[in-house]
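# What follows is a predicted protein model with its sequence.
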Amino acid sequence: TPPERIRNFCIIAHIDHGKSTLADRMLQLTDSVTDREMRAQYLDRMDIERERGITIKSQAVRMNWHTDGGQFALNMIDTPGHVDFSYEVSRSLAACEGAILLVDAAQGIEAQTLANLYLALENDLEIIPVLNKIDLPAADPDRFAAELANLIGGDPDDVLRVSGKTGIGVDQLLDRVVERIPAPVGDPDGATRAMIFDSVYDAYRGVVTYVRMIDGGLVPRERIQMLSTGATHELLEIGVSSPEPAPSRGLGVGEVGYLITGVKDVRQSKVGDTVTTSARPSTEPLPGYTEPKPMVFSGLYPIDAGDYPVLREALDKLKLSDAALNYEPETSVALGFGFRVGFLGLLHLEIVTERLRREFDLDLITTAPSVVYEVTTEDTSVHTVTNPSEYPEGRIVEVREPVVRAAILAPKEYVGKIMELCESRRGSLLNMDYLSEERVELRYSIPLGEIVFDFFDQLKSRTQGYASLDYEPMGEQGADLVKVDILLQGETVDAFSAIVHKDKAYSYGTMMVERLRKLIPRQQFEVPIQAAIGARIIARENIRAIRKDVLAKCYGGDISRKRKLLEKQKEGKKRMKMVGRVEVPQEAFIAALSGD
Ligand code: GDP
Ligand code: MG
């Protein structure tokens, strides 16, 4: 297809505003999917995506659309809306010339609407503002059309009104895509350059790499080269998704399609990298390749120690399809053998652990999520700490923690409560804007470590669910942080060590020792539980001794009953962990970690 006949666009929206449903209607209207094949959220292929109703992976699909001006090829890229995956969103945007900015007509602009809009503007995309769900009785399109026009400039009457559910207005929207979004431009005779915006692992075909052609072209059987590594591969298949994969004879300027080389690991086909040909390699990579950076770390431990090899294998497999996943083995006194795993954010963490449970049938314990700290010690060496129990010994000169710029949108009556929450989390207000008379956007700089700990739940409960949140990294700052250890009879229980602000150390310590006193059964001897910063004890509880003799009840009588009891006790001991001389049931650790 010649570039003049191509339109590349994406749909950007806050989560739940209806991207995937709108995409469904477009697939039907363009006869890409027959009514018989249709199922809701067609492009969300992973089970977790379908069950939770969220999009995790980007998807690209080619559709044909007839207008008065003839036939056009529309490449639509459905992007995940969640902050954890904004790395994928931004790559998808770079593959497009325009974006449909979709807003729920009953909700209005939300935090991710703004975050995604800014990303689109940074990529110089043409924006088509659209209100969705106008079939809802609660829809107030006049009000939100004004809000949208106010945000991006232009006339409220220009804001299209559609329903992805009923299909109203979707054909006009496709016409507008053709009319407003510029055709792709590129040099057909130049050295080939294609941008990788997604790569997925398929058990049968290996890695499927999705690309947007910028210059030149690609044909099957050609040798291609990855610009970042220089690695070369033979192209076994080229094609387009429409939405099922359809092999093609090649891809030219402006086209969007997939490549298959038989490679088995997505890390060899990095999102953001440039593909060129071995015969005539380009020397200029396309802009925008950065390694996705894990922001949150957690320890993953199998509940049954025998599952450790299964966990290792499962992580290796997930890594094939999730280049952002990163892990290394670690051991814990309390939890045994496991892995320290890095994630893009909490939703990413949740999805990975859920997939491990489901697809690999693993029972897991996850330790409290931790961010990455940079700790400078007296000898001026800088330690990157992703696990509080690896906090360096000795005198510490400085601790730096990651900070984010958080945007919170909510009705104005909640401003007080939101400020209270942000301040209790060491946030500082950057600015505050009114989006309309009723709705406010607050911007805070907040330590990421304060957000990973139930911030979102707190925000929702204090605003009756009305607030939305988005955040982006804004560097690191020095802070008064200390490591708090929890000790059982003088021995540190590594899984409970935490890095917290000095002012919160005492409350963390007291909370943990109280919690553990309730959870750990009494022993033959007294067990002190302490919280400490270095050698200084900041909280203490005692578990009183008891003399627990299982045979006492038997009055020296029935031998077989005695034996049975002894066996039972042995059974129970298998699930005990020893911390020094103290026996702790594993359940106690799990309960203490999950905060129940
Ligand atoms: P996404 O997170 O942006 O991909 O949103 P989805 O397409 O998954 O839709 C979120 C929810 O809104 C689902 O329950 C949809 O059924 C519903 N929904 C989407 N579009 C419409 C619409 O036009 N009208 C109504 N009434 N509901 C819609
Ligand atoms: Mg979706």
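That came in fine, so what should we check first? Ligands and ions are numbered 1, 2, ... in the order given.

# In the stretch 1-150 of the chain, where is pLDDT below threshold?
Judged by pLDDT under 70, the stretch 1-150 of the chain has its weakly predicted residues at 42-59, 78-88.

# OK, contacts around the residue in the stretch 151-300 of the chain positioned nearest to ligand 2?
Closest approach between the stretch 151-300 of the chain and ligand 2, counting by C-beta to the ion: Gly164, at 10.5 Å. Every residue, glycine included, has its C-beta placed from N, CA and C. Counting by C-beta atoms under 8 Å, 6 or more residues apart in numbering, Gly164 makes contact with 18, 21-25, 132-133, 170.

# From those, which land in helices?
Here DSSP state H is the test, and the contacts of Gly164 give 21-25, 170 as lying in helices.

# Helices of the protein, start to end?
For the chain, helices defined by DSSP H occupy the ranges 19-29, 47-52, 86-94, 111-122, 141-152, 170-180, 308-321, 346-360, 415-424, 448-451, 455-462, 502-519, 559-574, 586-594.

# Distance from the chain centre to the fourth one, please.
Remark: helix 111-122 is offset 17 Å from the chain centroid, using C-alpha atoms, centre = their mean, to the nearest Å.

# Equivalent analysis for the first one, please.
Relative to its parent chain, helix 19-29 has a centroid offset of 24 Å by C-alpha atoms, centre = their mean.

# Now do it and helix 170-180, the angle between them.
Computed by axes from the mean of the first three to the mean of the last three C-alpha atoms, to 10 degrees, the angle separating helix 19-29 from helix 170-180 equals 90 degrees.

# circling back: quick check, pLDDT for the residue of the stretch 151-300 of the chain closest to ligand 2.
According to the model's per-residue confidence, Gly164 sits at a pLDDT of 96.

# before we move on, what about the one 5 residues further on?
Model confidence at Gly169, expressed as pLDDT, equals 97.

# that older thread, just so I know, which of the helices of the chain lies nearest ligand 2?
When these are ranked by proximity to ligand 2, the top entry is helix 19-29, at 3.2 Å, counting by C-beta to the ion.

# The closest residue in space to Glu398 that isn't next to it in sequence bridge partners, please.
In this structure, Glu398 finds its nearest non-sequential neighbour in Thr376, 4.5 Å apart by C-beta to C-beta, 6 or more residues apart in numbering. Under DSSP bridges, the beta-bridge partners of Thr376 are Val382, Glu398.

# Kindly provide the distance from Thr376 to Arg400.
Thr376 sits 8 Å away from Arg400 when distances are taken as C-beta to C-beta, to the nearest Å.

# What residues does Arg426 make contact with?
With contact taken as C-beta under 8 Å, 6+ apart, Arg426 is in contact with 446-447, 450, 479, 501.

# got TSV for the helices of the chain, with mean neighbour count and distance to Gln489 too?
As requested, the helices of the chain are arranged in TSV below (neighbours: other C-beta atoms under 10 Å; distance: least, C-beta to C-beta, whole Å):
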stretch	mean neighbour count	distance to Gln489
helix 19-29	22	54
helix 47-52	15	42
helix 86-94	23	45
helix 111-122	20	47
helix 141-152	18	60
helix 170-180	18	67
helix 308-321	17	27
helix 346-360	19	31
helix 415-424	16	34
helix 448-451	24	29
helix 455-462	16	35
helix 502-519	17	12
helix 559-574	11	18
helix 586-594	18	14
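
# about what we covered before: which ones among the contacts of Gly164 also lie next to ligand 1?
18, 21, 132-133 (C-beta under 6 Å from any ligand atom).

# Can you tell me which of these end up in strands?
Asn132 (DSSP state E).

# among the ones next to ligand 1 among the contacts of Gly164, who's most crowded?
Per-residue neighbour counts (other C-beta atoms under 10 Å) across the ones next to ligand 1 among the contacts of Gly164 peak at Asn132, which has 31 neighbours.

# Please name the bridge partners of that one.
The bridge-partner assignment for Asn132, based on DSSP bridges, gives Asp104.

# That one touches Ser20, doesn't it?
No. The criterion here is C-beta atoms under 8 Å, and Asn132 misses it with Ser20 at 11.2 Å.

# quick revisit: now the buried members of the contacts of Arg426.
For those, burial is judged from neighbour counts taken by 16 or more other C-beta atoms under 10 Å, and it is met by 446-447, 450, 479, 501.

# Turn those into TSV, including distance to ligand 1 and pLDDT.
Shown next, in TSV, are those (distance: C-beta to the nearest ligand atom, whole Å; pLDDT from 0 to 100):
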residue	distance to ligand 1	pLDDT
Ile446	25	97
Pro447	29	96
Glu450	27	92
Ala479	35	95
His501	35	94
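
# Take those residues and keep only those in strands.
Counting by DSSP E, the part of these found in strands is 446-447, 501.

# Out of the residues you listed, which is nearest to ligand 2?
Ile446 (27.2 Å).

# what residues are up against that closest one?
Shown in contact with Ile446 (C-beta under 8 Å, 6+ apart): 403-404, 406, 422, 425-428, 455, 471.

# how about a cut-off of 7 Å?
With contact set as C-beta atoms under 7 Å, 6 or more residues apart in numbering, Ile446 has these partners: 403-404, 406, 422, 425-427.

# Now narrow those residues to whatever sits close to ligand 1.
Judged by C-beta under 6 Å from any ligand atom, the overlap between these and the neighbourhood of ligand 1 is nil.
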